[in-house]
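Chemist: Here is a sequence together with a model predicted from it:
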Amino acid sequence: MVRLQILGTGCPKCKQLAANVEAAAKALGIQYTLEKVTDIDQIMGFGVMITPALAIDGQVKVVGKVPTVEQIKAMLGPGG
Amino acid sequence: MSGQSACCGTAKNILLYACSGGANVAEVADKAARQLMSEGLGTMFCLAGLGADIQGMVQTARDADMNLVIDGCQVDCARKIFERLGLKNCQYLRVTDLGIEKVKGVRSTQDQVDKVVAKAKQTLEQVRKG
């Protein structure tokens, strides 16, 4: 089970990132949980000061950007 | 996180780092970075966090449009942190290269800060023009 966390306060970019992440995970057919972390203190606990950001299994993979579905698939795939 | 505009913004994400030493040149670097931030030219970020390998902070630097790194002296501690992390999206400045002597126990002056700010602006402008 892959833990996917969207770090952001809920702006349109955060929502787009969540949609792209979900699309990528579904396309790969992986089992996942998707969590939206909106609490600023919690976000800062990741060392992230710029949102949106994506953490995969607790590792921050993208900060301040919205990667495409294909880019996220690469992060979720083997060696990602 | 107040003052961060990257969320839903379209502005370039420029991060600023300053030497964290104890000599006057560190103070100059720090004040210059803060002045650049207050003028809206970038966001100051935590050099110590990168040195400590805080994963989210390293990724933040990696994903920035540019990291402007201001070292105090020729020891280049800040630059070495970026090089160790393999970060390429960086521009480097060194306070002592601008004719400011490193002296312990001496405070920085506004003239010195202005000199570094001017050089940093020049660097940012060159990068902007590509």
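Modeler: Looks like it arrived, so ask away.

Chemist: Tell me the residues on chain A that lie near chain B, please.
Modeler: A:8-9, A:11-14, A:40, A:43-44, A:46-53, A:55, A:59-65 (CB under 8 Å from any CB of the partner chain). C-beta coordinates here come from the backbone N, C-alpha and C atoms, glycine included.

Chemist: Tell me how many other residues surround B:Leu87.
Modeler: Using other CB atoms under 10 Å in any protein chain shown, the number of residues around B:Leu87 comes to 16.

Chemist: same check, this time on the one 5 residues further on
Modeler: By the criterion of other CB under 10 Å, B:Tyr92 has 17 neighbours.

Chemist: can you give me the mean pLDDT across stretch A:34-54?
Modeler: Stretch A:34-54 comes out with an average pLDDT of 95.

Chemist: Figure out how far it is from the centre of its chain.
Modeler: When distances are taken as CA atoms, centre = their mean, to the nearest Å, stretch A:34-54 is centred 10 Å away from the chain's centroid.

Chemist: Mind listing what's buried along that stretch?
Modeler: Applying a neighbour-count criterion of 16 or more other CB atoms under 10 Å in any protein chain shown, one finds A:36-37, A:43, A:46-54 buried in stretch A:34-54.

Chemist: Among those residues, which ones are in helices?
Modeler: Among these, the members found in helices (DSSP state H) are A:Ile43.

Chemist: Nearest to chain B among the buried residues of stretch A:34-54?
Modeler: Compare each of the buried residues of stretch A:34-54 with chain B using CB to the nearest CB and the shortest gap goes to A:Gly47, at 2.9 Å.

Chemist: what's the nearest residue to the closest one if we skip its chain neighbours?
Modeler: Excluding its sequence neighbours, the residue lying closest to A:Gly47 (CB to CB, 6 or more residues apart in numbering or on different chains) is B:Gly56, at 2.9 Å.

Chemist: check which helix or strand covers the one you found.
Modeler: Using DSSP states H and E, the element containing B:Gly56 is helix B:55-63.

Chemist: Can you tell me which helices and strands that helix packs against?
Modeler: strand A:53-56, strand A:59-63, helix B:47-51, helix B:77-85 (3 or more CB pairs under 8 Å, 6 or more residues apart in numbering or on different chains; DSSP states H and E).
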